[in-house]
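# Give me the fold of what follows.
(4 chains)
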Amino acid sequence: MPTVNLVFLAAFRDVAGTDRTTVEAATPRAALAQLGILDALVAQTPIVAVNQRICDLDIALSSGDEVALMPPMTGG
Amino acid sequence: MPTVNLVFLAAFRDVAGTDRTTVEAATPRAALAQLGILDALVAQTPIVAVNQRICDLDIALSSGDEVALMPPMTGG
Amino acid sequence: MVKVQRDPFDPGALQQALTGNEAVGAVVTFTGYVRQTDTLELEHYPGMTEAVMDDLRSQAITRFSLHGAVLVHRVGPLQTNDPIVWVGVSAPHRVDAFQGAMFLMDHLKSSVPLWKKEQGQWLRPSEHDKSSIEAWS
Amino acid sequence: MVKVQRDPFDPGALQQALTGNEAVGAVVTFTGYVRQTDTLELEHYPGMTEAVMDDLRSQAITRFSLHGAVLVHRVGPLQTNDPIVWVGVSAPHRVDAFQGAMFLMDHLKSSVPLWKKEQGQWLRPSEHDKSSIEAWS
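Alright, predicted model coming up:
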């Protein structure tokens, strides 16, 4: 099982209770389920980036990947 | 018959051969006809202003009016 | 503010006049520059040009709920790369600011007494500039 | 140029970088300011934010035949009246310049990893901002 680094941005830091953690998981969805925050995040239409590229929750992860969970963006 | 001051702007100076002249005329159209340049100007879709307000060629003039003949505008 | 002048202007300094109010969330500016040309000269009709610009400014402020609007147009001889026109508007929101600036520029192109002479020839308005105006009415 | 920074910026100085080329007839700039607020804070995702802005910049240059484009966005704590975002584009003609600047601003609002926290609350995107993006696709 790949070891990946999860990064939580903005409002999602509050949901995850941390800005960064490491888990073993095959997909972003599995990683969030393991942390018990999958439903809470999915309800907030998350954007997922793996190594800073936008992906979906079911992409296959590799060890060392950085998986970012981002709420809808509000710049400008 | 009112005495009015005609002002020719930009390309219309070349048509009129002057930038400014005084004539006695009841309307802008009559003034231009008197100068022999009515057809030449009308062919170039003139804008007419009397005392700096846009009017048409058939407005009744009063003595002392400033009648400007302007070609289509090209600012910006 | 509305101004017709022979001298150059400084876009950064002009923008200052539009800022510093807590209702303003957006400032859009347009600067027109002279593209590669041998000679360009601009003529206006003193008095009327300023009055028409001022009326246009009032129309834009009302129509797009602008907070402020500034129009500056140069006249006289101009060189390649010279700034020729500046329009800046401030508004609470970005869409109004963009719309206001476009409205003003479209009208400056063909509804304000200004005429360009390039290389000795008086320019004619383009069909595009004429139809841009109609889109606002 | 694309930049994410904590420090303020100078719109006039930024515009300088877009001028001085004889193909450029039009420069459109947008400056966003913080409207009346108690506290505003902006977060980004270092690396990805810049990369997405850079990609957006390239898209705009190609799509609207721009000559140049600059995007600057501030992060960190901000005060009322602070400039927060600057977009400037140069193009041969005004319509492309306006379109390019609007495209960039619409995307900065909801397609770039940036998040606003106002008075302790993370903001949600507005329906208007979401639909603005769809209009470009």
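# how near is the residue in chain A positioned nearest to chain C to residue A:65?
When scored by CB to the nearest CB, chain A has residue A:76 as its residue closest to chain C, at 7.6 Å. C-beta here means a position set from N, CA and C on the backbone, and glycine is covered the same way. Per CB to CB, to the nearest Å, residue A:76 is found 29 Å from residue A:65.
# Quickly find the element holding the closest residue to the residue of chain A closest to chain C other than its chain neighbours.
Take residue A:76 and drop its neighbours on the chain: the residue closest to it by CB to CB, 6 or more residues apart in numbering or on different chains is residue D:109, 3.7 Å away. Assigned by DSSP states H and E, residue D:109 belongs to helix D:94-110.
# what distance separates that helix from the middle of the whole chain?
Centroid separation for helix D:94-110 versus its chain: 8 Å, with CA atoms, centre = their mean, to the nearest Å.
# can you list the residues of chain C near chain A?
Within chain C, the positions adjacent to chain A are residue C:94 by CB under 8 Å from any CB of the partner chain.
# Any idea which residue of chain C lies closest to chain A?
residue C:94 (7.6 Å).
# What does the pLDDT read for the residue of chain A closest to chain C?
For residue A:76, the pLDDT comes out at 92.
# returning to that earlier point: the residue nearest to residue A:76 and residue C:69, how far apart?
Separation of residue D:109 from residue C:69 (CB to CB) stands at 23 Å.
# so which strand or helix has the spatially most central residue of chain A?
Nearest residue to the geometric centre of chain A (CA atoms, centre = their mean): residue A:69, 3.7 Å. For residue A:69, the element it lies in under DSSP H and E is strand A:66-70.
# Tell me the residues of chain C that contact chain B?
So chain C meets chain B at C:32, C:42-43, C:45, C:47-48, C:51, C:73, C:85, C:105, C:108-117, C:122-125, C:129 (CB under 8 Å from any CB).
# switch the cut-off to 6 Å
Listed as neighbours of chain B in chain C under the rule CB under 6 Å from any CB of the partner chain: C:43, C:45, C:47-48, C:85, C:108-110, C:112-116, C:122-123, C:125.
# Contacts only, for residue 71.
No chain specified, so I'll use chain A. Contact analysis of residue A:71 by CB atoms under 6 Å, 6 or more residues apart in numbering or on different chains lists A:10-12, A:44.
# Sorry, I should have been clearer: chain C.
Per CB under 6 Å, 6+ apart, neighbours of residue C:71: C:2, C:53, C:57, C:87.
# Please narrow the residues you listed to those residing in helices.
Using DSSP state H, the members of the contacts of residue C:71 that fall within helices are C:53, C:57.
# Neighbour-wise, which one of the contacts of residue C:71 leads?
Top of the contacts of residue C:71 by neighbour number is residue C:87, holding 29 neighbours under the definition other CB atoms under 10 Å in any protein chain shown.
# Against residue D:29, how distant is that one?
11 Å.
# what distance separates stretch A:3-10 from the centre of its chain?
Distance, centroid of stretch A:3-10 to centroid of chain: 5 Å (CA atoms, centre = their mean).
# can you check stretch C:4-19 too?
12 Å.
# now do stretch C:51-58
11 Å.
# what mean pLDDT does it have?
Rounded mean pLDDT across stretch C:51-58 is 98.
# Could you pull out the buried residues of that stretch?
C:52-53, C:56-57 (16 or more other CB atoms under 10 Å in any protein chain shown).
# For that stretch, C-alpha coordinates in PDB please.
C-alpha atoms of stretch C:51-58 as PDB (Å, rounded to 0.1, in the frame of the first residue of the first chain):
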ATOM      1  CA  ALA C  51     -18.800  68.500 -23.000                       C
ATOM      2  CA  VAL C  52     -19.600  65.300 -24.900                       C
ATOM      3  CA  MET C  53     -17.000  63.400 -22.800                       C
ATOM      4  CA  ASP C  54     -18.500  64.800 -19.600                       C
ATOM      5  CA  ASP C  55     -22.000  63.700 -20.700                       C
ATOM      6  CA  LEU C  56     -20.700  60.200 -21.600                       C
ATOM      7  CA  ARG C  57     -19.000  60.000 -18.200                       C
ATOM      8  CA  SER C  58     -22.300  60.800 -16.400                       C
END
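# what sits up against it?
By CB under 6 Å, 6+ apart, the list of residues contacting stretch C:51-58 reads C:2, C:69, C:71, C:107, C:112.
# one more time with 10 Å
Applying CB atoms under 10 Å, 6 or more residues apart in numbering or on different chains, the contact partners of stretch C:51-58 are B:49, B:52-54, B:73, B:75, C:1-4, C:44-45, C:66, C:68-73, C:87, C:89, C:100, C:103-104, C:107-108, C:111-114.
# what's the helix or strand hosting residue C:128 packed up against?
Using DSSP H and E, residue C:128 falls within helix C:127-134. The contact analysis (3 or more CB pairs under 10 Å, 6 or more residues apart in numbering or on different chains; DSSP states H and E) places helix C:127-134 against helix C:94-110, helix D:94-110.
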